[in-house]
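Engineer: Predicted model and sequence below, questions to follow.
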Amino acid sequence: MLLYMEIQKILKSKKFFIALIIAICFNLFYCWFVYKYENKSVESTKQYIADTERQIKELQQKLKKEKDDMKKRLYQEQIDELSRIVQKEKLKLQYGSNPKKEMEEKARYYKMMYEISKKTGNYRELEINKVNYEILNENIKRKKYYSVGGQFDGWTYLLSQSYGIAFFITIVLVLLIGSGIVSDEYKEGTAKLLKTLPVKRSNIILNKFIATVLTISALVIGIQIIFFIVLSIITNSLKYYDVYCNWISKYKAIGFKIYPVSDNVKLLNLLECSLLQLLTEIIVILAISGAIIFFSTIFENGAFASISFFAIIIAISIFRQKKLILKTPILKLLSLIFPWELATVYTNSLPGEIEWIFASSYIVIGLNLLLTVIFVLGSIKIFEHKENV
Amino acid sequence: MAGNQVEMVIKVTNVNKKIGNSQILKEINFSIGKGEIVGLVGPNGAGKSTLMKILSGLWSPTPKGKCYILGCDMTNELERIEALRRSSFFIETPALYYQLTGYDNIELYAKLKYGNTFNVKDEVNRLAPFFELDNRMLKRKVKKYSLGTKQKVSLLQMFIGNPEVLILDEPFNGLDPTTTIKVKELLKKRWIENNITILISSHILTDIEELCSRIIFIKDGSTILDSNKEELLKRNTVVIFYLIEKGHVDRACSLIKEKLPYVTVETQFNNSIRIYNLNSHKDVLDLLQNEGIIVKSIEEQKISLVDLYKQLYLQ
C-alpha cells in the first residue's frame, strides 16, 4: 500500500508529466542525431576523417613532449581508439555498399593490428584487436553481414551510444522526480502524517526509493524499449538479434589495472548485449536514485537537494579527471564507486567495436550496489531521527 | 508493551525537551485515563505543540522522559506502531498531498492505517456531513482547496476507523462556525458512544471550556495547573463592581492594584471593574468609599476559562 501511495503521488504530480515529455523529447532528439550521424554524406565523412586524423596528430605531438609515464599511456590509448574510429570510417566509405566486403576488410585490419600488438607487447591493444577480430570472424563464418551503426535501425538506436543518452536522461529525471521525494514531505508538512502512520519509518524510505526506481526505470528503459520496437519494425532489423557484437570475459590484474583474459571470452549477440545494457542502466538508476533520496532526506527543499547532488556530480567528475585519473591506484579505485563511472563503460564501447572496455565493470557494479545500500540506509537513519516536521 | 500502564491511556513522565540552547519542556508529568477529554492550554511558545509532537512520536524527549499511549512506549518503534494504529493525531496544520484529491488522501491514509480491506467509502459518507463536505468537494484536488477545506479533510481523516485516542493540536483553526459546532458534536458523540480519550490543544478557550472535563495549563514549558474543569471554575469567582461615574474607573483600578496586591483587577466598557481572587467585598468597598468613588451595584459571577487564563498568564 505504501508503494502504491508513493507511485500514485509521483504519477499524479506535474513533475512526472514534465519528466515524460523530457524523456520522449530527448529520445526523439537522439534518434535524429543518430540518423544524421549514420547517414552522413561522403563529404562530411571525409571531413570527419580529416578532423579525427588532425586530432590524432595533435595527440602524437603531445605524446612526444610528455614526460609523465601515466599521461603518456593515456595519450597512447586515446590515439589507438581514434585510429580505430578512422579506420572504421574509411572502410565504411570504401565498402559502404558491400557489407560482406566491409566486414572482411575490417576483420583483416584487426588481425593485422593484433599481429603488430603481439610484436610491440602492448597487452591492452592485443586483447582488444584479438576479440574484435574473433567477433567479426564468427559473424562472417555464420554469413551474418550486419554491423550495428552501419545503418539507422532499432539496434543502432539502442546500442550505439544510447547508454550515454540514457544516463543523461536518468540524471535529469532523477533530479526532477527524486529530489522532492522526501524533502517535499517536509515542505508540504506531510512528513508528520507519514510519521504518525502505523508503519515502520524504514519502510517509508524504502518504498519511496522503490517507487523512484520503478518510475524512472519505466520512463528511461520503457521509452527506450518502445522506441527500439517501433524503429525495429519500421526498418525490419529485429531479425539480426543473433549477430555477435560484443564480448565479456574473465579478467586478470596486471599491476593495478585489470585486463580481459582472451581465452575465456564469451561473445555476446545483439539481444544479450541489449539485455546486459538495460541491466546496467537499472544499476545506474538504483545508485543515482539512492543518492538523490539521501540528499532529499537531508534538505527540506527539493531545489537544494538537486543543486547539491548536481554540484557533487560535477565536482567529482572534475576532480576525477584532474586529480585521480591514473595517478594513485587507491584513488582510482575510489573513483570507481561513483555511478557515473558506469557510463564510461558503455559510452566508450561501441558494439561491434571493442574499444576501451573498463575491464573492472564487475567491481564498478558491485561498488555501485554497495553505494546504493549505504545511501538508502543513510536516508532511513536521517528520516528516523529528523525532527523538523 | 508495558503491561502496568494499560489502565492509563496517556501517560507522560519526566518529559523534557531542549532545542539548541532553549529548554522547551521542563519535567512534564501527567496521566490521562480512559474516556477523559483533556484540554491543553497555554500561550504561543509555551510548549503545547512540542508536547503533542513528543506524544505522537514525531519528536523524542530527553532520554529519561517517557510517553505512553495505550500502554505503548512512544520511543520504541514497534510499540509506537501499535499505539499509532489505535490513535489519531492532528498536529498543528493539515497534512495533505496537494496533487491528490481529498478522497484519495483519506483513502490512502485509511488503507495504510487499517489495511486494504477497510471500507473507506462508507466511513467517508458517514463522516462527511459533520465536516460540511460533499462528494463533489472530495473529488477535487487538494491544491484547489481553501485552508478551511483542507482543515476539514485533514480532521475527517482523524476520525476514520474509530480511534481509541484522539490527539488534536489546534483542530478548529480556519473552520467556519457551522463546522466547528458540528465537529464538536462529533467529538461528543464519539466520546459518548465509544468512550474515547481526547487531548485537545487550542487557543480558542471557549471550545476547550465547552468540551473538556479537565484542563492542563502550560507556561514556559512547565505545567502550572492541572485540574478538573468544574472544580477549577467553581472555586474561583469574579466580582464585578459597577460604578456611577465613568471617570472613576481608572482611578479605582489603580487604587485597588496598589492597596490590594493579591487580587487581579481589570476594567470593562460599562463603567465597571472585574476583580478576581477577592476574599471579601468589604475590602474593596471600604477602599473606594474612602476615596469618594461610589459603587452602584455588585455582582458575583462564576469564573470562565478566559478569566482563569487571564489570571494565570496576564498577571
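Structural biologist: That came through fine.

Engineer: Beyond the helix or strand bottoming out on mean pLDDT in chain A, next helix or strand please.
Structural biologist: Taking mean pLDDT, DSSP states H and E as the measure, the helices and strands of chain A show their lowest mean at helix A:341-347, namely a mean of 39. Where DSSP states H and E defines the elements, the next helix or strand beyond helix A:341-347 is helix A:361-385.

Engineer: Which other helices and strands does that next one contact?
Structural biologist: helix A:201-217, helix A:270-298, helix A:341-347 (3 or more Cβ pairs under 8 Å, 6 or more residues apart in numbering or on different chains; DSSP states H and E). For glycine as for every other residue, the C-beta is placed from the backbone atoms N, C-alpha and C.

Engineer: Report the buried residues of that helix.
Structural biologist: Within helix A:361-385, the residues that count as buried by 16 or more other Cβ atoms under 10 Å in any protein chain shown are A:361, A:363-365, A:367-368, A:371-372, A:375-376, A:378-380, A:382-383.

Engineer: what angle do that helix and helix A:201-217 make?
Structural biologist: Following axes from the mean of the first three to the mean of the last three Cα atoms, to 10 degrees, one obtains 130 degrees for the angle between helix A:361-385 and helix A:201-217.

Engineer: Helix A:361-385 vs helix A:270-298, what angle?
Structural biologist: 30 degrees.

Engineer: Quick check: mean pLDDT of helix A:361-385?
Structural biologist: Per-residue pLDDT over helix A:361-385 has a mean of 84.

Engineer: what sits against A:Glu104?
Structural biologist: A:Ile140 (Cβ atoms under 8 Å, 6 or more residues apart in numbering or on different chains).

Engineer: element containing residue 23?
Structural biologist: Going with chain A. Per DSSP H and E: A:Ala23 is located in helix A:14-38.

Engineer: That was the other one, I meant chain B.
Structural biologist: Assigned by DSSP H and E, B:Gln23 falls in strand B:22-33.

Engineer: hmm, that strand touching chain A?
Structural biologist: No: using Cβ under 8 Å from any Cβ of the partner chain, strand B:22-33 stays clear of chain A, coming no nearer than 11.2 Å.

Engineer: Just the CA atoms from that strand would do, formatted as PDB, please.
Structural biologist: Provided in PDB are the C-alpha atoms of strand B:22-33 (Å, rounded to 0.1, in the frame of the first residue of the first chain):
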ATOM      1  CA  SER B  22      16.400  26.700  24.800                       C
ATOM      2  CA  GLN B  23      14.600  24.400  27.200                       C
ATOM      3  CA  ILE B  24      11.200  23.900  25.500                       C
ATOM      4  CA  LEU B  25       9.700  21.500  28.000                       C
ATOM      5  CA  LYS B  26      10.600  21.100  31.700                       C
ATOM      6  CA  GLU B  27       9.700  18.000  33.700                       C
ATOM      7  CA  ILE B  28       6.200  17.500  32.300                       C
ATOM      8  CA  ASN B  29       4.200  14.800  34.200                       C
ATOM      9  CA  PHE B  30       0.600  13.800  33.800                       C
ATOM     10  CA  SER B  31      -1.700  10.900  33.100                       C
ATOM     11  CA  ILE B  32      -5.000  10.800  31.300                       C
ATOM     12  CA  GLY B  33      -7.400   8.000  32.000                       C
END
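
Engineer: Quickly run through the sheet partners of it, with directions.
Structural biologist: strand B:8-19 (antiparallel) (DSSP bridges).

Engineer: Give me the buried positions along the partner strand.
Structural biologist: In strand B:8-19, the ones that count as buried by 16+ other Cβ under 10 Å are B:Met8, B:Val9, B:Ile10, B:Lys11, B:Val12, B:Thr13, B:Val15, B:Asn16, B:Lys17.

Engineer: mind putting those in a markdown table, pLDDT and distance to B:Leu155 included?
Structural biologist: Converted to a markdown table, the buried residues of strand B:8-19 look like this (pLDDT from 0 to 100; distance: Cβ to Cβ, whole Å):
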| residue | pLDDT | distance to B:Leu155 |
| --- | --- | --- |
| B:Met8 | 85 | 26 |
| B:Val9 | 93 | 21 |
| B:Ile10 | 94 | 20 |
| B:Lys11 | 94 | 25 |
| B:Val12 | 93 | 24 |
| B:Thr13 | 92 | 29 |
| B:Val15 | 92 | 26 |
| B:Asn16 | 91 | 30 |
| B:Lys17 | 91 | 26 |
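
Engineer: Chain A contacts on chain B?
Structural biologist: Chain B comes close to chain A at residues B:53, B:56-60, B:77, B:81-82, B:84-85, B:88-89, B:91, B:93-100, B:104, B:108-109, B:111-113, B:115-116, as judged by Cβ under 8 Å from any Cβ.

Engineer: switch the cut-off to 7 Å
Structural biologist: B:56, B:58-59, B:77, B:81, B:84-85, B:89, B:91, B:93, B:95-100, B:108, B:111-113, B:116 (Cβ under 7 Å from any Cβ of the partner chain).

Engineer: Now restrict those to buried residues only.
Structural biologist: B:56, B:58-59, B:81, B:84-85, B:89, B:91, B:93, B:95-100, B:108, B:111-113.

Engineer: and the next helix-or-strand element following the strand holding B:Gln23, what does it pack onto?
Structural biologist: Of the helices and strands lying after strand B:22-33 in sequence (DSSP H and E), the nearest is strand B:37-41. With contacts defined as 3 or more Cβ pairs under 7 Å, 6 or more residues apart in numbering or on different chains; DSSP states H and E, the packing partners of strand B:37-41 are strand B:197-201, helix B:205-211, strand B:214-219.

Engineer: which secondary structure elements does the second one contact?
Structural biologist: Helix B:205-211 is packed against strand B:37-41, helix B:177-194, helix B:305-313, with contacts defined by 3+ Cβ pairs under 7 Å, 6+ apart.

Engineer: ok but B:Gln99 is inside a helix, no?
Structural biologist: No: under the criterion used here (DSSP: H, G, I helix; E, B strand; the rest coil), B:Gln99 is coil, not part of a helix.

Engineer: distance of it from B:Arg136?
Structural biologist: With distances taken as Cβ to Cβ, to the nearest Å, B:Gln99 is found 19 Å from B:Arg136.
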